[in-house]
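Engineer: give me a model of this one.
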Amino acid sequence: MKEGFYEEFTPASVYIKEMEERGIKLVEVFNEHIRKRMNKILELRDNWDGGGSKTYNVETLKKAKSFLISLIQDFWMLYNLEFDLPMIFPGIDGDIDIEWKNKKFQLLISIPEKDDNLAGLYGSDYAEDEIELDFDITKKNLRLLSWLKRQM
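Structural biologist: Model prediction:
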């Protein structure tokens, strides 16, 4: 390899291929994490919490998984950045909650059991950068993506 100004650069096609491979691996890791958590939630039976909760709907879990994979892919494509695996747990009224919580920020997204695809979210950096909104989980949400980017 030549030194200085005449150094050989990685061709764009090689760089793009490497980024695609990293993105695929990232999705595989998230997919496995999501699968494990969702299987645990599906094991829950009526009144699992002693408060009258009902069994969780497979379709709600599929919506949550689809949303989360899309979010990961969109974030990777826009910023080439990864973020931590979220906690995934049963919410109230059959909703699925997805939460990130660390020293920098917290973000809770509630995926509804209802068919309308409107999810709610609240996020905070524990200081002044907050986000709160209802949004369609089937559409790319640039406001959420840019908020997440600011937290990295």
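
Engineer: please count neighbours and contacts with C-alpha atoms only from this point.
Structural biologist: Noted.

Engineer: which residues in this protein form strands?
Structural biologist: 87-90, 96-101, 106-111, 118-124, 130-136 (DSSP state E).

Engineer: and the second one, what does it pack against?
Structural biologist: Think strand 96-101. With contacts defined as 3 or more Cα pairs under 8 Å, 6 or more residues apart in numbering; DSSP states H and E, the packing partners of strand 96-101 are helix 58-79, strand 87-90, strand 106-111.

Engineer: redo that, cut-off 7 Å
Structural biologist: strand 87-90, strand 106-111 (3 or more Cα pairs under 7 Å, 6 or more residues apart in numbering; DSSP states H and E).

Engineer: hmm, who's touching the last one?
Structural biologist: It refers to strand 106-111. 64, 95-101, 119-125 (Cα atoms under 7 Å, 6 or more residues apart in numbering).

Engineer: and for stretch 80-91?
Structural biologist: Outside stretch 80-91, the residues touching it (Cα under 7 Å, 6+ apart) are Phe30, Arg37, Ile41, Phe75, Trp76, Ile96, Asp97, Ile98, Glu99, Trp100.

Engineer: so how far is it from its chain's centroid?
Structural biologist: 5 Å (Cα atoms, centre = their mean, to the nearest Å).

Engineer: tabulate the contacts of stretch 80-91 in a markdown table, adding columns for neighbour count.
Structural biologist: Formatted as a markdown table, the contacts of stretch 80-91 follow (neighbours: other Cα atoms under 10 Å):
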| residue | neighbour count |
| --- | --- |
| Phe30 | 17 |
| Arg37 | 15 |
| Ile41 | 19 |
| Phe75 | 20 |
| Trp76 | 19 |
| Ile96 | 26 |
| Asp97 | 21 |
| Ile98 | 21 |
| Glu99 | 19 |
| Trp100 | 16 |
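
Engineer: among those, which pair sits farthest apart?
Structural biologist: Ile41 and Trp76 (27.2 Å; Cα to Cα).

Engineer: going by contacts, tell me the helices and strands next to the lowest-mean-pLDDT helix or strand in the chain.
Structural biologist: Using mean pLDDT, DSSP states H and E, helix 12-42 stands out as the lowest-scoring helix or strand of the chain, at a mean of 86. For helix 12-42, the packing partners by 3+ Cα pairs under 7 Å, 6+ apart come out as helix 58-79.

Engineer: noted, bye for now.
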